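**Q** Here's a sequence, model it:
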Amino acid sequence: MRKTVLTLIAASTAIAGIPALAQSPRSIAAPPPPPPPATSMQPPKAAPDMQSVLDALASLGGKPIETLTPAEARMQPSAADGAKAAMRKKGMSTAPDSSVTTRDLPYGSDPKQFARIYKPAGAPAGGKPMPVIVYYHGGGWVIADVDTYDAAPRAMSKALNAIVVSVEYRHAPEFKFPAQHDDAAAAYRWTLHNAASWGGDPARIATVGESAGGNLAVATAIYARDNGLTVPRHIVSVYPIANSSMTLPSRRDSANAKPLNTAMLPWFGYYYQTSKADAQDPRLNLVAANLRGLPPTTIINAQIDPLRSDGETLAAAMRAAGDKVEQKTFPGVTHEFFGMAKVVNGAKQANDLAVARLKTAFEAPATRR
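**A** Residues are numbered from 1 along each chain as shown. I've put the predicted structure just below:
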């Protein structure tokens, strides 16, 4: 699916306007940085269904990400693998919902610059164009991909009868910051240009993302605002990276959480940043960005997550800027819970919240910005 004609690739690149970035001097085999000082603080207790997924993930034998090279880290089992293992233990099928179809299309010339287009089987009556969601996956901009993060975009496509554009982007350390943000913006532009040809309505568009992708969902909305593009009707930012401080409350109380711990945060930064100064760039440190005039936003957090305070402080900063924001922290769940709705009740509740807010946004009359 990813191998398409050269003319389409060239056209997509021209639309995206992606700058050429040199390969990073730090390779995927570069040894990890020294870990931060260890702490004995234990995270809050997980809900039983969440703990079942954590136990299933532990049974897969993954190694601590912060001790590995990027190449090694990319080979480790993911939280999504843990959720599937928990599903199998319950006798549940892990096959993707076939009522939602997918195809991969390039938005740039690099093999990583493509998007997976999710389309529900039930098209609206009368040929009415469907709403569009641009979704950005997580992984700290170093690991994971659209395959890892299939559950949420597939479920949203079905629940909202919407086209979901799940964006793959170039990874660090092969391409460092701001390559991922450039790709996120390019894919958004490309989606606006092409959505109608897929049966979508580019005027009814939203951005959604998890973790690093939760950051991209907000940063891309800022980009759209600043560059005269159609601004998303709604942002759903799930446990986003949004604050460069390493002394936030959740950095301490969830220091030893799973599957994301505090030691992993500087590990990701070591590979995606060119220098430590990058951490203060408002595209990464969203709490310092110009947040005024952004669309209504839903921020979803997990209680047991070193990034919980990121979402809480981002919500406060957005409210201070005059934006309409709803922030909810779900108890008893961890980072990556959002894609586990089939086995974790808190994840189903979070998905239901996101779907409800997006549905309201898509059904509202268009407003000028």
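**Q** from here on, contacts and neighbour counts on C-alpha atoms
**A** Fine.
**Q** Show me where the stretch 51-200 of the chain has its strands.
**A** Assigned by DSSP state E, counting those that start in this stretch, the stretch 51-200 of the chain shows strands spanning 100-106, 114-120, 130-136, 163-167, 200-210.
**Q** Could you export the ones you listed to CSV, including columns for distance to residue 72, mean pLDDT and mean neighbour count?
**A** Shown next, in CSV, are the strands of the stretch 51-200 of the chain (distance: least, Cα to Cα, whole Å; pLDDT from 0 to 100; neighbours: other Cα atoms under 10 Å):
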stretch, distance to residue 72, mean pLDDT, mean neighbour count
strand 100-106, 26, 98, 19
strand 114-120, 24, 98, 25
strand 130-136, 23, 99, 29
strand 163-167, 23, 99, 30
strand 200-210, 22, 99, 25
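**Q** right, so of those, which gets closest to residue 156?
**A** Among those, the nearest to residue 156 by Cα to Cα is strand 163-167 (7.5 Å).
**Q** List the strands paired with the closest one, with their directions.
**A** Paired strands of strand 163-167, with direction, are strand 114-120 (antiparallel), strand 130-136 (parallel) (DSSP bridges).
**Q** just the helices in the stretch 51-200 of the chain please.
**A** Here the stretch 51-200 of the chain has its helices, by DSSP state H, counting those that start in this stretch, at 70-73, 79-89, 151-160, 179-194.
**Q** Give the buried residues for stretch 179-199.
**A** Buried positions in stretch 179-199, judged by neighbour count with 16 or more other Cα atoms under 10 Å: 179-192, 194-195, 199.
**Q** Same question for stretch 222-229.
**A** 222-225.
**Q** Dump the strands of the stretch 51-200 of the chain to TSV, plus distance to residue 270.
**A** TSV is the format used below for those (distance: least, Cα to Cα, whole Å):
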stretch	distance to residue 270
strand 100-106	29
strand 114-120	25
strand 130-136	21
strand 163-167	23
strand 200-210	20
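**Q** out of the ones you listed, nearest to residue 248?
**A** Across the strands of the stretch 51-200 of the chain, closest to residue 248 is strand 200-210 (Cα to Cα), at 19.6 Å.
**Q** other SSEs contacting the closest one?
**A** Packing partners of strand 200-210 (3 or more Cα pairs under 8 Å, 6 or more residues apart in numbering; DSSP states H and E): strand 130-136, helix 179-194, helix 212-226, strand 234-238, helix 345-363.
**Q** closest to residue 141 out of the helices of the stretch 51-200 of the chain?
**A** Nearest of the helices of the stretch 51-200 of the chain (Cα to Cα): helix 179-194, 7.0 Å.
**Q** From the contact counts, what lies against that closest one?
**A** Other helices and strands packing on helix 179-194, by 3+ Cα pairs under 8 Å, 6+ apart, are helix 6-16, strand 130-136, strand 163-167, strand 200-210, helix 212-226.
**Q** Now distance to residue 88 too, for these, in TSV please.
**A** Formatted as TSV, the helices and strands packed on helix 179-194 follow (distance: least, Cα to Cα, whole Å):
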stretch	distance to residue 88
helix 6-16	39
strand 130-136	27
strand 163-167	26
strand 200-210	24
helix 212-226	28
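**Q** Let's test this: mean pLDDT of the helix or strand harbouring residue 330, rounded?
**A** Remark: residue 330 resides in strand 325-334, with elements defined by DSSP states H and E. Averaging pLDDT along strand 325-334 gives 99.
**Q** so can I have JSON lines of the buried residues of stretch 222-229 showing distance to residue 299 and pLDDT?
**A** Shown next, in JSON lines, are these (distance: Cα to Cα, whole Å; pLDDT from 0 to 100):
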{"residue": "222", "distance to residue 299": "16", "pLDDT": "99"}
{"residue": "223", "distance to residue 299": "19", "pLDDT": "99"}
{"residue": "224", "distance to residue 299": "19", "pLDDT": "99"}
{"residue": "225", "distance to residue 299": "19", "pLDDT": "99"}
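**Q** thinking again about what came up before, any chance of a markdown table for the helices of the stretch 51-200 of the chain, columns mean pLDDT and distance to residue 113?
**A** Output for the helices of the stretch 51-200 of the chain, formatted as a markdown table (pLDDT from 0 to 100; distance: least, Cα to Cα, whole Å):
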| stretch | mean pLDDT | distance to residue 113 |
| --- | --- | --- |
| helix 70-73 | 98 | 19 |
| helix 79-89 | 99 | 23 |
| helix 151-160 | 98 | 18 |
| helix 179-194 | 99 | 7 |
